[in-house]
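**Student:** from the sequence below, what's the structure:
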Amino acid sequence: MIIRRLEGVINSRLFTGKAIVLLGPRQTGKTTLIHNIVRNVQDVLVLTGDDSDTATLLSLANTEVMQSIIGQNKIVFIDEAQQIEKIGRTAKIIVDHFKGVQLILSGSSSLGLRNVLAHSLAGRKWEYLMYPVVWSELEQTYGYFKSRQQLERRVIYGMYPDIITHVTEERERLKQLVNSYLYKKPDIFEELLKVLALKMCKELSIRDVSKSLHADKNTLNNCIETLEKDLIIFTQESQSKLKRNKWRSFKRVFFWDNGIRNAILSNFNPLSKRKDEDDLWENFQTSDNMKKNNWIKPNIIQL
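**Tutor:** Okay, the predicted model is just below:
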């Protein structure tokens with residue numbers, strides 16, 4: 001099991017009178033992390049929004065019903081919380097009326113869930129975002145030399161925990177991960193991701209993308225905003241110098257994980273056979289630094 005920095009952070013927040021909310025993309029290890037945190041605690045109730053009966057029961061629950069559900073348990077862990085209608089109301093009931101109970105919620109990093117919880121749990125939660133593995137976490141788990149031995153593999157296949165621990169199945173698992181993200185999304189998302197993957201580390205021109213995909217600029221901007229909020233890509237402001245000491249500002253696009261980017265392009269060739277080697281190294285280092293900022297000072301949102 002890969003050692004995650006957030007484990008110690010969340011442990012320090014248990015039973016402090018607030019809910020703990022852990023959000024992030026699929027397969028970043030949220031559920032595994034919480035199970036690891038509560039493994040030695042007695043009286044833990046684990047529920048999941050993926051179960052339709054559970055989701056229905058929790059969406060309709062009042063204080064009396066929640067008392068029957070919680071019983072004598074000291075920790076209530078609700079996984080896939082985004083699947084539960086009115087999860088904000090249910091979470092508020094638990095935090096407000098069951099003072100000795102620690103509520104832990106995990107789910108998608110989608111804006112919808114964050115907005116619901118921000119309103120319902122205002123002043124009542126610690127919120128964290130979980131990203132793919134940081135290089136320092138890999139070194140802490142496997143040691144310096146074993147980590148260095150798999151460096152090129154990580155640049156190609158990325159840093160998702162499930163990819164790291166299944167060495168012979170990386171390609172299949174990455175493609176499944178990309179397909180699960182695109183499931184039920186408009187076709188424009190898949191087309192846009194391919195264009196963004198080719199433009200990784202380069203200037204992002206909405207005008208050029210619009211011409212390439214024959215798509216409306218506003219639609220593309222909305223899609224890019226969604227991809228950023230879902231922690232698939234991120235953009236950074238850059239500048240280039242023009243004549244007469246004038247500067248031009250523009251955005252560059254990066255992926256949170258190299259493996260996801262390469263799966264989008266179906267390109268897992270070794271670095272020695274790639275024309276985008278420099279871009280892969282830059283994206284790997286830039287995304288690791290972005291994740292590392294949260295490793296050093298985790299993303300905590302108190303509302």
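**Student:** and the host helix or strand of Gln67, what's buried?
**Tutor:** Assigned by DSSP states H and E, Gln67 belongs to helix 63-70. Neighbour-count burial for helix 63-70, with 16 or more other Cβ atoms under 10 Å as criterion, is recorded at Met66, Ile69, Ile70. Every residue, glycine included, has its C-beta placed from N, CA and C.
**Student:** not counting its neighbours along the chain, what's nearest Ile2?
**Tutor:** Nearest non-adjacent residue to Ile2, counting by Cβ to Cβ, 6 or more residues apart in numbering: Thr141, 4.8 Å away.
**Student:** average pLDDT for whichever strand or helix holds the one you found?
**Tutor:** If you go by DSSP H and E, Thr141 is part of helix 135-142. Across helix 135-142, the average pLDDT comes to 96.
**Student:** which other helices and strands contact it?
**Tutor:** helix 144-149, helix 277-296 (3 or more Cβ pairs under 8 Å, 6 or more residues apart in numbering; DSSP states H and E).
**Student:** same thing but 7 Å
**Tutor:** helix 277-296 (3 or more Cβ pairs under 7 Å, 6 or more residues apart in numbering; DSSP states H and E).
**Student:** low-confidence bits of the stretch 1-150 of the chain, can you list those?
**Tutor:** Confidence mapping of the stretch 1-150 of the chain against pLDDT under 70 gives the ranges 110-111.
**Student:** okay, now the domains of this protein?
**Tutor:** As assigned by automatic domain parsing, the chain contains the domains 5-130, 135-293.
**Student:** could you say which of those is packed most deeply?
**Tutor:** Highest mean neighbour count among the domains of the chain (mean count of other Cβ atoms under 10 Å): domain 5-130, with a mean of 18.
**Student:** what separates that one from the chain centre, distance-wise?
**Tutor:** Between the centre of domain 5-130 and the centre of its host chain there is 17 Å, according to Cα atoms, centre = their mean, to the nearest Å.
**Student:** show the end-to-end separation of that domain, please.
**Tutor:** Terminal residues of domain 5-130 are spaced 10 Å apart (Cα to Cα, to the nearest Å).
**Student:** got a markdown table for the buried residues of helix 63-70, with distance to Gly29 too?
**Tutor:** Below are the buried residues of helix 63-70 laid out as a markdown table (distance: Cβ to Cβ, whole Å):
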| residue | distance to Gly29 |
| --- | --- |
| Met66 | 28 |
| Ile69 | 27 |
| Ile70 | 26 |
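**Student:** three-state assignment of Ile37?
**Tutor:** Using DSSP: H, G, I helix; E, B strand; the rest coil, the structure places Ile37 in helix.
**Student:** ok, now Lys184?
**Tutor:** Per three-state DSSP, Lys184 ends up coil.
**Student:** same question, the one 5 residues further on
**Tutor:** State at Phe189, reduced to three classes by three-state DSSP: helix.
**Student:** hmm, Ile224 and it touching each other?
**Tutor:** No: with contact defined as Cβ atoms under 7 Å, Phe189 does not reach Ile224; the gap is 10.1 Å.
**Student:** Lys251 bridge partners, please.
**Tutor:** For Lys251, the beta-bridge partners under DSSP bridges are Glu237.
**Student:** and it, what's its pLDDT?
**Tutor:** We have a pLDDT of 87 for Lys251.
**Student:** surely it is in contact with Ile233?
**Tutor:** No: using Cβ under 7 Å, Lys251 makes no contact with Ile233, being 10.8 Å away.
**Student:** can you pull out the strands in the stretch 151-300 of the chain?
**Tutor:** Secondary structure of the stretch 151-300 of the chain by DSSP state E, counting those that start in this stretch: the strands cover 233-241, 247-255.
**Student:** now do the helices in the stretch 1-150 of the chain.
**Tutor:** In the stretch 1-150 of the chain, the helices defined using DSSP state H, counting those that start in this stretch lie at 5-11, 30-38, 52-60, 63-70, 87-97, 111-120, 135-142, 144-149.
**Student:** tell me which of those helices sits nearest to Tyr128.
**Tutor:** Taking Cβ to Cβ, helix 5-11 is the member of the helices of the stretch 1-150 of the chain nearest to Tyr128, at 5.9 Å.
**Student:** check which helices and strands that closest one sits against.
**Tutor:** Using 3+ Cβ pairs under 7 Å, 6+ apart, helix 5-11 is in contact with helix 30-38.
**Student:** from what I see, Tyr128 and Leu6 are in contact.
**Tutor:** Yes: assessed by Cβ under 7 Å, Tyr128 is found in contact with Leu6 at 5.9 Å.
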